[in-house]
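Trainee: generate a structure from the sequence data that follows.
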Amino acid sequence: MNNLTIEHRYVLDEILVSDDKKSAYLLGFLTRKLTHIEYKNLEKTPFLNKIYDINLSHEKIRAIYPVMINEIRKYDAIFKELEEEASISLLKSDKNWNISDEETSFYFTLGYTLGSASNYKREVNDKEIT
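Mentor: As a prediction, the model looks like this:
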């Protein structure tokens, strides 16, 4: 992700070294971006209703991703680098998911909370709504 600057990039590179943790984290991060778009347009966040509860599993993460991308596109937006890195992490982790549902929920929630960080900035112009 050369065009994406996250002030605390070490979180992905040094702490979340396994792709299962990165996948959960990045999907949380993308979910936060989507909910920002939803709230800006609808003044509510209906996508959060699709995450039935906070107990996320590998299967739920895999199911959420295409729905999330579809929802993002409905708002004519794209988060190119985040989506690419999430896709790669999901592919790499598909056969090696070694974290529990509780840990999956934890890393997803970390990504969700950091997804609103003001230190997220773009160096390229995608159709991103902030």
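
Trainee: please make it C-alpha for all contacts and neighbour counts, starting now.
Mentor: OK.

Trainee: hey, where'd the helices end up in the protein?
Mentor: For the chain, applying DSSP state H gives helices covering 10, 19-42, 58-74, 80-93, 101-114.

Trainee: contacting residues for the nearest residue to Ile99 once chain neighbours are set aside?
Mentor: Ranked by C-alpha to C-alpha, 6 or more residues apart in numbering and with sequence neighbours excluded, the top spatial neighbour of Ile99 is Asp20, at 6.9 Å. Asp20 makes contacts with Ser89, Leu90, Ser93, Asn96, Trp97, Asn98, Ile99, Thr104, as judged by C-alpha atoms under 8 Å, 6 or more residues apart in numbering.

Trainee: most neighbours of all these, which one?
Mentor: Counting neighbours by other C-alpha atoms under 10 Å, Thr104 leads the contacts of Asp20 with 27 neighbours.

Trainee: show the contacting residues for the spatially most central residue of the chain.
Mentor: Most central in the chain under C-alpha atoms, centre = their mean is Leu27, positioned 2.4 Å from the mean C-alpha point. Residues near Leu27 by C-alpha under 8 Å, 6+ apart: Ile61, Tyr65, Ala86, Phe108, Gly111, Tyr112.

Trainee: what's Phe79 sitting at in phi/psi?
Mentor: When read as degrees, to the nearest 10, the backbone of Phe79 gives phi -120, psi 70.

Trainee: roughly how far does it sit from Leu30?
Mentor: 8 Å (C-alpha to C-alpha, to the nearest Å).

Trainee: if you count what's nearby, which of those two comes out ahead?
Mentor: The neighbour count for Phe79 versus Leu30, taken as other C-alpha under 10 Å, is higher for Leu30 (24 against 20).

Trainee: distance to Ile51 and mean pLDDT for the helices of the chain - can I get that in a markdown table?
Mentor: Below are those laid out as a markdown table (distance: least, C-alpha to C-alpha, whole Å; pLDDT from 0 to 100):
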| stretch | distance to Ile51 | mean pLDDT |
| --- | --- | --- |
| helix 10 | 28 | 69 |
| helix 19-42 | 10 | 92 |
| helix 58-74 | 8 | 93 |
| helix 80-93 | 17 | 92 |
| helix 101-114 | 11 | 92 |
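
Trainee: alright, calling it a day.
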